[in-house]
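Visitor: Structure for this input, please:
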Amino acid sequence: MGWKICYCEMIIKTEGIVINYIKYKESSIIIKILTQEYGFQSFILNGVRSVRSKKSIGFFQSLNVLELVAYKSPKADLYRLNEFKILHLTPSFQINLKKSAMVMFCTELLSKTLFHERSENRDLYQFLKNEIIIFDGLKEDFESFHVYFSIKYARYLGFFIQSVERLLPFKENLSSPLYIYLNNIIRSERYTSEPTTGMLRSTALKHIINYYSLHVENFGEIKSLKVLSQVFK
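Guide: Numbering: from 1, shown residues only. Now for the predicted structure:
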């Protein structure tokens, strides 16, 4: 008697954070999502860019938090998105130009580092979700948030930034503005506004990005740094 092979579809229901999406074919998109239970996954959604579509592509703006249902056949590389609804919308990220630039930086950093997160990591997921909600709620004094985020995020990638000396390749004057700025952020348990300038933030980010490049294989260039420098002139 021969054996029958069952090619059953895998159906998942989970919460997820949109990292970004790309256009696919005439009316579809492929969305990169960090899910709560299945790690970093790719999803395809057909027809959303069609003029007749009743689904809004705005649901998939970077760092929106969704509840989703998707399925995948054993032979497929992508999950096919079936149902979704917003759990946390982030309107301030689209309305505020400075926040938009900071989100661009954060999502580029996430895209370059989440590729190995293919299974559940609830600590990472909860950290990211909490910080998104906090950042979205800030009305002022948020200009250093992306610096704070990139420092705290490293912990969840396995290379915790626990001192300024890990970032600076030389002995920095302990009373210098750069040392004090970075030290205050590293020691903080939550985001608080730090006295700073655009030049100081830019210098701090360069050291942080260099630190990431030493720990993440093929890290490459962060292109959104140029956008940040223009927005925060």
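Visitor: Report the distance from the strand of greatest length in the chain to the chain centre.
Guide: Counting by DSSP state E, the longest strand found in the chain is strand 10-24. Relative to the centre of its chain, strand 10-24 is centred 13 Å away, using Cα atoms, centre = their mean, to the nearest Å.
Visitor: repeat for stretch 104-114
Guide: 5 Å.
Visitor: list the helices and strands the longest strand of the chain packs on?
Guide: Here strand 10-24 touches strand 28-35, strand 39-45, strand 65-72, helix 97-113, helix 122-137, going by 3 or more Cβ pairs under 8 Å, 6 or more residues apart in numbering; DSSP states H and E. Where C-beta positions appear, they are placed from N, C-alpha and C, glycine not excepted.
Visitor: quick one, which of those is nearest to residue 231?
Guide: Smallest distance to residue 231 across the helices and strands packed on strand 10-24 (Cβ to Cβ): 4.2 Å, for helix 97-113.
Visitor: What residues sit buried inside that closest one?
Guide: Using 16 or more other Cβ atoms under 10 Å as the test for burial, helix 97-113 gives 99-110, 112-113.
Visitor: and it, average pLDDT?
Guide: Averaging pLDDT along helix 97-113 yields 97.
Visitor: Format the buried residues of helix 97-113 as JSON lines; extra columns: distance to residue 77.
Guide: Listed next are the buried residues of helix 97-113 as JSON lines, based on distance: Cβ to Cβ, whole Å:
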{"residue": "99", "distance to residue 77": "33"}
{"residue": "100", "distance to residue 77": "31"}
{"residue": "101", "distance to residue 77": "32"}
{"residue": "102", "distance to residue 77": "32"}
{"residue": "103", "distance to residue 77": "27"}
{"residue": "104", "distance to residue 77": "27"}
{"residue": "105", "distance to residue 77": "28"}
{"residue": "106", "distance to residue 77": "26"}
{"residue": "107", "distance to residue 77": "22"}
{"residue": "108", "distance to residue 77": "23"}
{"residue": "109", "distance to residue 77": "24"}
{"residue": "110", "distance to residue 77": "21"}
{"residue": "112", "distance to residue 77": "20"}
{"residue": "113", "distance to residue 77": "21"}
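Visitor: Tell me which residues are up against stretch 166-183.
Guide: With contacts defined as Cβ atoms under 8 Å, 6 or more residues apart in numbering, stretch 166-183 is touched by 151, 161, 164, 194-196, 200, 203-204, 207-208, 210-211.
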